[in-house]
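# Build me a structure from this.
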Amino acid sequence: MRLAASEWQSLRQEADELECAWSETYQALVEAAHAEPVLRSLYPFTSHWALRFSTTTRPRLTAVGPCLTANSDGTYGVSDGVAGPDLGRFATAHEAVALAVRLLPPGLGPVALGG
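From the prediction side, this is the model:
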């Protein structure tokens, strides 16, 4: 869906232009998630700088799968929601993304309008 691709483009640009202590870590996370076809097919969104995924577009997001974070110490986290249990901490964005992909429910279809 074009809306998901557009959101990915905006998210990648935002990550590229971000100026903060953890901007490189965050950009690596966004790029690693975008490189994964199953995540790229979902609608990405952020909450408190945590990367999430949805099967529907805004305004009614339907969050699916875990939450990914880029930490100020250069590590990456995977959790079950923004305030959910910690599912792991990783040295690379690719390791965190790989776990996120494994934790996605099977049979996700194309992104739908979240109207």
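# Show me the residue at the heart of the protein, geometrically.
Residue closest to the mean C-alpha point of the chain, counted by CA atoms, centre = their mean, is L51 at 3.4 Å.
# Give me the distance between S41 and F53.
9 Å (CB to CB, to the nearest Å). In short, each C-beta sits where N, CA and C put it, glycine included.
# which one of these two has more residues nearby?
More crowded of S41 and F53, by other CB atoms under 10 Å: F53, with 26 against 17.
# out of everything not next to it in sequence, what's closest to that one?
What sits nearest to F53 in space, not counting adjacent residues and going by CB to CB, 6 or more residues apart in numbering, is L42, at 4.1 Å.
# residues contacting that neighbour?
A4, F53, S54, T55, V64, G65, L108, V111 (CB atoms under 8 Å, 6 or more residues apart in numbering).
# Make sure the fourth one is actually in contact with V111.
The one in question is T55. Yes. Using CB atoms under 8 Å, T55 is in contact with V111, at 6.1 Å.
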